[in-house]
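In: Provide a 3D model corresponding to the input given below.
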Amino acid sequence: MKILVRILSFLVLIILLHHSVSAQQNLFNIPSGDITNTKKIFYQHQLNIYSEKLESKAHFVYGLGKGWDIGANLVGKGLYFSPNWRLLHNDNAAKGAVYPILMGTVQKQFEITDHFLINAGTQIGWNLSSQIKNKEFNHYSYLIGSYHISKHGKIVTGFYHTNTMFVGGGNTFGILGGYEFKISKKAYLMGDWVSGNNESAVMVLGGMVNVSKRIQLCAGWQIPNPNTPKPMGLVLEFNLMGWDLY
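Out: Numbers count the residues shown, from 1 in each chain. As a prediction, this is how the structure comes out:
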């Protein structure tokens, strides 16, 4: 765990030393309120690193225009590296959330004012089990509002509804919250929080840097809610845009 703390400290230092427009589809674990540009693609890859395992999430999006985008998520890929190396896999809902899961996504944005936007979206799919009888339907839907504070950042808040197959035991309805604040020409402070006591109920605090016109790197530290099964860990994100950020 000390090694993870050192890695996070180093990445945060890099972010703060970089002197712009945000574009990530998720902050860390909640929707960002952004929509992919028309006929452009967006790809995000997230790694959650814990003391015993590594989890991976891949997110691909295509912009349809008029406030719509669609995409696909691959959630729950990864591996255990302690005590033995093995791939992450669970197709027994009695043991918690099933994974990995392939999900289709759709999102619509409504512009209420120049500074306030509302996004409604859903993700639906099935876990990748080799046995048909062990495939479970999963869904995750949300309604969020994002308030943009001029060009300095934004605050995001809203609600989510899901099922136990996707988040394991605990609540299936809750609150989402997050923020993104510009601290230099290319760097942002960023964080989010998911309420509840399920496997997704965590807070992540960190930052983001635009390393080029089309690439962003993010790093944060995950803090689980009380009485949740997730441990603390390091969260890393890589964002690739099909258009120039600046």
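
In: helix/strand/coil for the spatially most central residue of the chain?
Out: Among the residues of the chain, the one closest to the centroid is N29, at 3.3 Å (CA atoms, centre = their mean). Under DSSP: H, G, I helix; E, B strand; the rest coil, the three-state class of N29 is coil.

In: gap between it and C218?
Out: 12 Å (CB to CB, to the nearest Å). C-beta here means a position set from N, CA and C on the backbone, and glycine is covered the same way.

In: mind checking how far the residue lying closest to F159 once chain neighbours are set aside is from A58?
Out: Distances taken as CB to CB, 6 or more residues apart in numbering put L143 closest to F159, at 5.5 Å, once the chain neighbours are dropped. Distance of L143 to A58, given as CB to CB: 24 Å.

In: ok so, going back, in which helix or strand would I find the residue nearest to F159?
Out: Using DSSP states H and E, L143 sits within strand 137-148.

In: immediately after that strand, which helix or strand?
Out: strand 153-162.

In: what packs against the helix or strand following that next one?
Out: For strand 153-162, the succeeding helix or strand toward the C-terminus, using DSSP H and E, is helix 164-167. The contact analysis (3 or more CB pairs under 8 Å, 6 or more residues apart in numbering; DSSP states H and E) places helix 164-167 against strand 137-148.

In: what pLDDT, on average, does the strand it packs on get?
Out: Throughout strand 137-148, pLDDT has a mean value of 97.

In: can you give me the helices for this protein?
Out: Ranges of helices within the chain are 2-17, 164-167, based on DSSP state H.

In: the ones you listed: lowest mean pLDDT?
Out: Among these, helix 2-17 scores lowest, at a mean of 39.

In: residues near the closest residue to P229 other than its chain neighbours, how many?
Out: Spatially, and ignoring its direct neighbours in sequence, P229 is nearest to E199 (5.6 Å; CB to CB, 6+ apart). Look at E199: counted by other CB atoms under 10 Å, it has 19 neighbours.

In: same question, the one 10 residues further on
Out: Taking other CB under 10 Å as the neighbour definition, V209 ends up with a count of 23.

In: and it, how close does it get to I49?
Out: 19 Å.

In: burial count for the closest residue to I41 other than its chain neighbours?
Out: Closest residue to I41 apart from its sequence neighbours, by CB to CB, 6+ apart: G242 at 4.1 Å. Neighbourhood size, G242 [other CB under 10 Å]: 16.

In: quick one: G242 and V61 touch, right?
Out: No: applying CB atoms under 8 Å as the test, G242 and V61 come out as separate, 9.6 Å apart.
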